[in-house]
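Colleague: here you go, sequence then predicted model.
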Amino acid sequence: MRHLLTVVVLIFWVTQSMAQSPLPIVKATSKTVSIRDGKDFHSATWTLVPELRPDIYHSSKLGERVTFYTDIDSISVDLRENTKFDFVILLNGKDSAFTQIAYREPYLTTLKKAAEYDNTQRRNIPKFTYAGLNDVDLQKIRKAFNLDSIAGKGSEASKFINMMDWVHNIVRHDGNSRNPKLQNAIDLIKVCQNENRGINCRMMATVLNECYLAMGFKSRMVTCMPKPLKFQDCHVINAVYSNELGKWVWMDPTFSAYVMDEKGELLGIQEVRERLVNDKPLILNPDANWNRRVSQTKEHYLYEYMAKNLYRLEVPVRSAYDVETNGKDKTVEYVQLLPLDGINQKPEIRESKYKSGMVLRFYITNNPKQFWEMTPAVN
């Protein structure tokens, strides 16, 4: 009886499969694909991953056309609210990358729904600390890269920007690169030069963070994440504290980007988030770019890419040299800022452990004041 049931199920599956229309096939000889999403053109930003079935590209440009360009072929679809357009990109005539173009709610709409925090909440999270000028490793960084000359003698803001531009120019961004074993400024720059390779946004932010610390600035590496717990893309930038302005300011070495208000004053991450939510003016520096090849627009960088990634924020508790290099019996603590709309509010403290024995401990708060609190302690 069991064998008969198996045969019946198999016949039903084959019949259903034959009844379905075959998926459109797009040919390619390169894993890299360019995408035109409405008026925006993203050159070589999509990498084929045949293991994902399907690999989904989301767009919110209702009524506009989305086109995938391989090196030898292309395919398009006009976007509607119910769009789920499936097709196959056939790589070198043998590897099938099942792909889908689907409508999604605009990232800015999702962010606006997550505007609320709890400014009165006081969670039991560790105090943030920052390595200071007396740190031997940071002194090595300052001397090795001649950071005093790079920073210049101008205002704090000009020093922040000069150092960010230097990191942006000395290493290239490669979002698909593997992380080197040693994750500190000296070794990251060395491996890029020795292997003629790039590093991802997290490693670029690591380099800039340690350079800021080496110059005596309090700095954080900030992981900016979307709403879903499982995601394929996030972004890591820097927040550096300006004593002249009395606040944290946004610096992004990957795109050599900073953000200003309508008066030209530098803004911090939380300020940018609030202005996005409340439709207040934002200005992106005009020379923001990717790898000195692709200019960034305010519309794409802030209102789409960062609107997606400003849903929740995460920083290491201790900002210092070589914080994230994997090590036995090492514990690295993080604090994550979640809006009240967040879906992973519990547990308030969680841990994960590497095979090496390294422990990652995460704390959650809904209070941006506590998250951005400036503690005087420097060690």
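Modeller: In hand now; what should we look at?

Colleague: only alpha carbons, please: show the host helix or strand of residue 44 as PDB.
Modeller: Secondary structure from DSSP states H and E places residue 44 in strand 40-47. Provided in PDB are the C-alpha atoms of strand 40-47 (Å, rounded to 0.1, in the frame of the first residue of the first chain):
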ATOM      1  CA  ASP A  40      18.400  53.600 -11.000                       C
ATOM      2  CA  PHE A  41      21.200  51.600 -12.600                       C
ATOM      3  CA  HIS A  42      23.300  49.400 -10.400                       C
ATOM      4  CA  SER A  43      26.400  48.200 -12.200                       C
ATOM      5  CA  ALA A  44      27.700  44.700 -11.400                       C
ATOM      6  CA  THR A  45      26.000  44.700  -7.900                       C
ATOM      7  CA  TRP A  46      24.200  41.300  -8.100                       C
ATOM      8  CA  THR A  47      26.200  38.100  -7.700                       C
END
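
Colleague: return the set of buried residues in the following helix or strand past that strand.
Modeller: Going down the chain from strand 40-47, the next helix or strand is strand 55-59, by DSSP H and E. Neighbour counts over strand 55-59 (16 or more other Cβ atoms under 10 Å) mark 55, 57, 59 as buried. For the C-beta atoms, the positions are set from N, CA and C on the backbone; glycine is no exception.

Colleague: same for strand 55-59, what does it pack against?
Modeller: Applying 3 or more Cβ pairs under 8 Å, 6 or more residues apart in numbering; DSSP states H and E, one finds that strand 55-59 contacts strand 65-69, strand 95-103.

Colleague: strands paired with that strand, and their directions?
Modeller: If you go by DSSP bridges, strand 55-59 pairs up with strand 95-103 (parallel).

Colleague: poorly predicted segments of this protein, please.
Modeller: For the chain, the stretches with pLDDT under 70 are 1-21, 375-379.

Colleague: so which residue is dead centre in it?
Modeller: Residue closest to the average C-alpha location in the chain (Cα atoms, centre = their mean): residue 235, at 1.0 Å.

Colleague: picking up where we left off before, can you list the buried residues of strand 55-59 in CSV and add distance to residue 94?
Modeller: Putting these into CSV (distance: Cβ to Cβ, whole Å) gives the following:
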residue, distance to residue 94
55, 17
57, 22
59, 29
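
Colleague: residues contacting the strand holding residue 44, please?
Modeller: Contact with strand 40-47 is made by 31, 32, 33, 34, 35, 36, 57, 68, 176, 294, 299, 300, as judged by Cβ atoms under 8 Å, 6 or more residues apart in numbering.

Colleague: on that earlier part again, and of the helices and strands packed on strand 55-59, who's closest to residue 50?
Modeller: strand 95-103 (4.7 Å; Cβ to Cβ).

Colleague: what comes up buried for that closest one?
Modeller: Those would be 97, 98, 99, 100, 101, 102, 103, for strand 95-103 by 16+ other Cβ under 10 Å.

Colleague: out of the residues you listed, the closest to residue 79 would be?
Modeller: Of these, the one sitting nearest to residue 79 (Cβ to Cβ) turns out to be residue 103, at 5.8 Å.

Colleague: much appreciated, bye for now.
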